Every structure is written in structure tokens, then in C-alpha cells.
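Colleague: here is my input; please provide its structure:
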Amino acid sequence: MTIQKIREDIISLRGAEVSIFGQPTTLNDSVAEDLIDILDVLNQVEENEVDELVYEEYNPDTEEDETIEFESVEEYVDYMEDNGLWKEQSHDNSYNWSSPVSNDIDFRTFRDMDTGDFYVKLMVHRFGDVRGNYTDYALLRYSYEEGFLYDIMEANKSIDVGDDYYVNIDILSDGMEVYTHDGEYVKTIYDLEDFQKEVEEGQVVGD
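Modeller: Okay, the predicted model is just below:
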């Protein structure tokens, strides 16, 4: 599955009528202010997408390289791993750290044992139980292991609250850091609405 198809799937679900645990549910048609839009995350990683799922393998019988083509990311990654060409480095899900992202992401990182490049097998949660109901996989390539994390951090955002403060929302953290417009750290919050009320009532207190 390509990033573009994942994007189209997520867009089609906004405001859609779905069934969650057997109950008809209308999904939100927009992203809450204190969340990072998964579409912004997909936009950031798309330029690192692997477009062709192929592997050039030497055939000793013909003494030539033969191109093996794969129909899916999962099939391709399984082949590379099963043949000792890639080694899994990590597996995580943004749900595990209560990431402030509109749709959780599940990602596995693999190291190419020949080139040293790192590949990320990524899927996006659609709705309902976070243990299931994900998109198909997309595949990304980076020259260093932390490349994917640095990439998705580009989707981080800041929100102005009142005239004096702004709040940083970081995809890798469940807490939101508050700063004055002069750049002075104030505190870390976990509820944007509560902080907005503090500001309105003039009751902001630092950590």
C-alpha cells in the first residue's frame, strides 16, 4: 500500500459512519486542536517511501542477476528478513506513549545488513480498538536509524494560548510544554482545555 492510498483511506473515514464493537458510530470529521493530524505526518514521510518492491538476486545457474518482484510490503519485508538480508531493530506503536496524533501508527524498523540503510514498515490505525483495524503497510527508507522519528517530529506544532503563551505539541510525548512568547519555559501540561481556562482566569502557575 502506498502513502497516497493510506492518506485517501484516512480522509474517507472522516465524518464516516462506522461500527465499533457493534455500535454505529460517527467518526470525527476534523482533528482536535491538541492533536497532530496524521495527514501531516504522512506528508512528512512520503518523500522517503520505497516505490519499487524488488530485489536483485544472483542466479548461479544463469550467472546473472534476476529481479524478484513482490506484491506487498509485508511479502517483501518477510523475504528480506527470512533470508538474513534485513534484521529487525525495533517495533513500537504510538499508542504506547499516548502520542497526541489523530491516528496511531505502528512501525517496525529493519537494518539492511549489506547497505546499512534502515527501513520502516508503517501502518496507520483507522478507528476502533487500537489492537486491530489498521491500514496495509507502507515502506520507508532512511540512511540512519533515527531518521523516521526525526521525520515525524517535523509534524509537531505550536498553539498560541492568550497573548502571553504558546504550547508545543510533540508527537513523541504525551505532555505539552508551555512557553512564554519570550521563550521562557513555564510548565508541562496534559490537558489543553484546562490550561486555556487557567490563562483566561489569570491563574497560570509554573512547575
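
Colleague: Arg14 against Ile38, yeah?
Modeller: No. Under the criterion of Cβ atoms under 8 Å, Arg14 makes no contact with Ile38, lying 10.6 Å away. Where you see a C-beta, it was placed from the backbone N, CA and C, and this is true even at glycine.

Colleague: just want to know which of these two has more residues nearby.
Modeller: Ile38 (23 against 13; other Cβ atoms under 10 Å).

Colleague: what sits against that one?
Modeller: Applying Cβ atoms under 8 Å, 6 or more residues apart in numbering, we find Ile38 in contact with Ile10, Val101, Ser102, Asn103, Ile105, Val124.

Colleague: and Val54, by the same measure?
Modeller: If you count contacts by Cβ under 8 Å, 6+ apart, Val54 has them with Thr67, Ile68, Glu69, Phe70.

Colleague: quick check: it vs Thr109, distance?
Modeller: Remark: distance between Val54 and Thr109 (Cβ to Cβ, to the nearest Å) = 21 Å.

Colleague: Ile171 now?
Modeller: Applying Cβ to Cβ to Ile171 and Thr109 gives a distance of 16 Å.

Colleague: before we move on, the earlier item: between the contacts of Val54, which is nearest Ile6?
Modeller: Proximity of the contacts of Val54 to Ile6 (Cβ to Cβ) peaks at Phe70, which lies at 18.1 Å.

Colleague: so the closest one sits right up against Tyr76, yeah?
Modeller: Yes. Here Phe70 reaches Tyr76: they are 3.9 Å apart, a contact under Cβ under 8 Å.

Colleague: neighbour count winner among these two?
Modeller: Tyr76 (23 against 16).
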